[in-house]
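Asker: Kindly generate the corresponding structure for this input.
(2 chains)
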Amino acid sequence: MINIPKGTKDVLPAESYKWHYIEKVVRATAETFGLNEIRTPTFEHTELFARGVGETTDIVNKEMYTFEDKGGRSMTLKPEGTAGVARAYIEGNLADGAQPVKMYYLTPVFRYERPQAGRLREHHQFGVEIYGSDSAYADAEAILVAKTLFTKLGVTELELNINSIGCAECRAEYNRALREYLAANIDDMCPVCRERYVKNPLRILDCKEEGCKRITAGAPKTIDYLCNGCAAHHEALKGILTSLGIAYKVNPMIVRGLDYYTRTVFEFISTSIGAQGTVCGGGRYNNLVEEVGGKHTPAVGFGMGLERLLLVLESLNLPVGEPEIPKLYIAPLTSAEAAEAYKLVNALRASGISADTDLMSRSLKAQMKYAGKRGYEYTLVLGGDEIASGKAALRKMSDGSEKVVELDKLQEELKG
RNA sequence: GUGGGUAUAGUUCAGUUGGCUAGAAUGCCAGAUUGUGGCUCUGGAGGUCGUGGGUUCAAGUCCCACUACUCACCCCA
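Answerer: Presented below is the predicted three-dimensional model:
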């Protein structure tokens, strides 16, 4: 027995309707915001993620599915959705079209991690990407897409956390201040944070170690070191959110693990699905396009974990769509009627009605049990009498009521 | 990568201080009812008790290792 790879999940036939439901609401929501779908490859040159996501991140350092192809090139299964979109924006000359470019994607992403509740090695993300605008309205637009989607799905419990981590200039200033503050306590920090101190001190704020949390509790905050431009941007976003009536919390500890973020970062967090509560995370990444080889292009967006979103819906007993139920099952009484039943069924299918018949040469009783279990809306027994008279009893399975109909009028009967 | 928990039928689980041929429920297939599903009754199929060692007269049960699953750390969606 060869089993499923660790950290992956099958979506079995009985559950796929939930995915259809979520995807349908996602696409409908994206459309009302004027977002167009973009599809990029499942794998890219490793270099793209190394430069885009950042060499110091855990994602690039230890979580990527990297392999060498037969031509000796280093390839990586996408660990997130944004880097590929940035590459496509450049390569597809999207900067030459009307700006801003508003896109969304639905994609699997791959990270080599230890699975746990709400965390997989392959999961699926809905993402929004808005390129070309540096306005706080674009930040608000991204947040609003997520918020609107949650509302449509009935999710009201998610808390929106926002923060600003500034731009390259204020970050340098801030890092200096943070290092200065931490210098005295460096020996009390965990080994990982001691390394972060050198490479990327900002990440220390994200540390969950008790000792480090105590130390960082009084640490300088990025939002206190913003340059005038970044501070104004942050204030503008807060103003827009407030005017829209969107509740948010400024959380100075939101730092995020991807290096491409500048200015705005945000997360929608759930408390009902276990330790991995971030359902949606994103922010602004003004330097990403330049980083992967294009000209400077401000951009903002987010990624949303669809498995986590589904966990939220189910944990709150919210609707997750309805199973797709076929309409009619025609049961041939004996093998003599099988061919006629098959012909009837296919005529109905051709007119767009979902219909089935026996594929196992089973008894009438067995066929009725099958039809009952699968949930067909109607059944019809086809015997010699029915074929001779051209009429048969159409049974409605929910209440057992029957109605005699002409076989060649089945189509009209079922459409109504 | 680190730590905790778990592993018996397709599924959910019983299985006593180690002691007859390993059980139930549910699901699946069939019959009761030779032209009609759900309810009821009856029968059938389905298990190398996660894998490999060890202790013992005797191991599903005790010990060790490994593997898988799971939760948490870490990280993130």
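Asker: From here on, just use CA atoms for contacts and neighbour counts.
Answerer: OK.
Asker: Does the closest residue in space to A:E314 that isn't next to it in sequence belong to a helix, a strand or coil?
Answerer: In this structure, A:E314 finds its nearest non-sequential neighbour in A:V320, 7.4 Å apart by C-alpha to C-alpha, 6 or more residues apart in numbering. Under DSSP: H, G, I helix; E, B strand; the rest coil, A:V320 falls in the coil class.
Asker: Dihedrals phi and psi, A:V320?
Answerer: The phi/psi pair for A:V320 (degrees, to the nearest 10) reads phi -130, psi 30.
Asker: Contact partners for the closest residue in space to A:K391 that isn't next to it in sequence?
Answerer: The shortest distance from A:K391 to any non-neighbouring residue, by C-alpha to C-alpha, 6+ apart, is to A:E406 (4.4 Å). By C-alpha atoms under 8 Å, 6 or more residues apart in numbering, the contact set of A:E406 is A:G390, A:K391, A:A392.
Asker: Could you check how far A:E406 is from RNA strand B?
Answerer: 13 Å (C-alpha to the nearest atom of the strand, to the nearest Å).
Asker: same thing with A:K70?
Answerer: Using C-alpha to the nearest atom of the strand, A:K70 is found at 25 Å from RNA strand B.
Asker: Confirm that residue sits in a helix?
Answerer: No - looking at A:K70 with three-state DSSP, it is coil, so not inside a helix.
Asker: In terms of pLDDT, where does A:E141 sit?
Answerer: Per-residue confidence (pLDDT) for A:E141: 98.
Asker: A:C207 too?
Answerer: pLDDT, A:C207: 70.
Asker: before we move on, what about A:I223?
Answerer: A:I223 carries a pLDDT value of 87.
Asker: wait, it sits on A:I162?
Answerer: No - A:I223 is not in contact with A:I162 according to C-alpha atoms under 8 Å; the separation is 10.7 Å.
Asker: Find residues that contact each of the two.
Answerer: Taking C-alpha under 8 Å, 6+ apart as the criterion, A:I223 and A:I162 both touch A:P252.
Asker: Name the residue in the two with the higher neighbour count.
Answerer: Legend: neighbour count by other C-alpha atoms under 10 Å for A:I223 and A:I162, higher for A:I162 (25 against 20).
Asker: quick check, the more buried one in a helix?
Answerer: No - counting by three-state DSSP, A:I162 is not part of a helix but strand.
Asker: Show the contacting residues for it.
Answerer: A:Y248, A:K249, A:V250, A:N251, A:P252, A:I254, A:T264, A:V265, A:F266, A:E267.
Asker: The residues you listed in strands, which ones?
Answerer: Counted as lying in strands by DSSP state E, out of the contacts of A:I162, are A:K249, A:V250, A:T264, A:V265, A:F266, A:E267.
Asker: beta partners of the first one?
Answerer: The partner list for A:K249 in beta bridges (DSSP bridges) reads A:N161.
Asker: Intersect the contacts of A:E406 with the contacts of RNA strand B.
Answerer: A:A392 (C-alpha under 7 Å from any atom of the strand).
Asker: What subset of the contacts of A:E406 is buried?
Answerer: By neighbour count, with 16 or more other C-alpha atoms under 10 Å, the contacts of A:E406 hold A:K391, A:A392 as buried.
Asker: Output the contacts of A:E406 as TSV; include the columns distance to A:S363, secondary structure and pLDDT.
Answerer: Output for these, formatted as TSV (distance: C-alpha to C-alpha, whole Å; DSSP: H, G, I helix; E, B strand; the rest coil; pLDDT from 0 to 100):
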residue	distance to A:S363	secondary structure	pLDDT
A:G390	22	coil	95
A:K391	21	strand	95
A:A392	18	strand	96
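Asker: Return the member of the contacts of A:E406 nearest to RNA strand B.
Answerer: A:A392 (6.7 Å; C-alpha to the nearest atom of the strand).
Asker: List the residues that contact the closest one.
Answerer: A:A392 is in contact with A:L380, A:V381, A:L382, A:E386, A:V404, A:V405, A:E406, A:L407, counting by C-alpha under 8 Å, 6+ apart.
Asker: Dig out what the second one forms beta bridges with.
Answerer: On the basis of DSSP bridges, A:V381 is bridged to A:A331.
Asker: isn't it right up against A:L333?
Answerer: Yes - contact criterion C-alpha under 8 Å: A:V381 and A:L333 qualify, at 6.4 Å.
Asker: what kind of secondary structure is the residue nearest to the spatial centre of chain A in?
Answerer: Nearest to the mean C-alpha position of chain A, counting by C-alpha atoms, centre = their mean, stands A:Q125 at 2.6 Å. Secondary structure state of A:Q125, per three-state DSSP, is strand.
Asker: tell me which residues form a beta bridge with it?
Answerer: For A:Q125, the beta-bridge partners are A:T107, A:G305 (DSSP bridges).
Asker: again, but for the one 5 residues further on
Answerer: Beta-bridge pairing of A:I130, defined through DSSP bridges, involves A:K102, A:V300.
Asker: which residues touch A:Q367?
Answerer: So A:Q367 contacts A:A331, A:D358 (C-alpha under 8 Å, 6+ apart).
Asker: Which helix or which strand is home to it?
Answerer: Assigning secondary structure by DSSP states H and E places A:Q367 in helix A:364-374.
Asker: Tell me if that helix is near RNA strand B.
Answerer: Yes - Helix A:364-374 reaches RNA strand B (C-alpha under 7 Å from any atom of the strand) through A:L364, A:K365, A:A366, A:M368, A:K369, A:Y370, A:A371, A:G372, A:K373.
Asker: so which of the contacts of A:A392 comes closest to RNA strand B?
Answerer: A:V381 (4.6 Å).
Asker: Need the mean per-residue confidence for the strand or helix carrying A:E290.
Answerer: Following DSSP H and E, one finds A:E290 within helix A:288-291. The pLDDT scores in helix A:288-291 average 95.
Asker: so who does A:L77 touch?
Answerer: Here A:L77 is in contact with A:T42, A:F43, A:E44, A:M64, A:Y65, A:T66, A:V109, A:F110 (C-alpha under 8 Å, 6+ apart).
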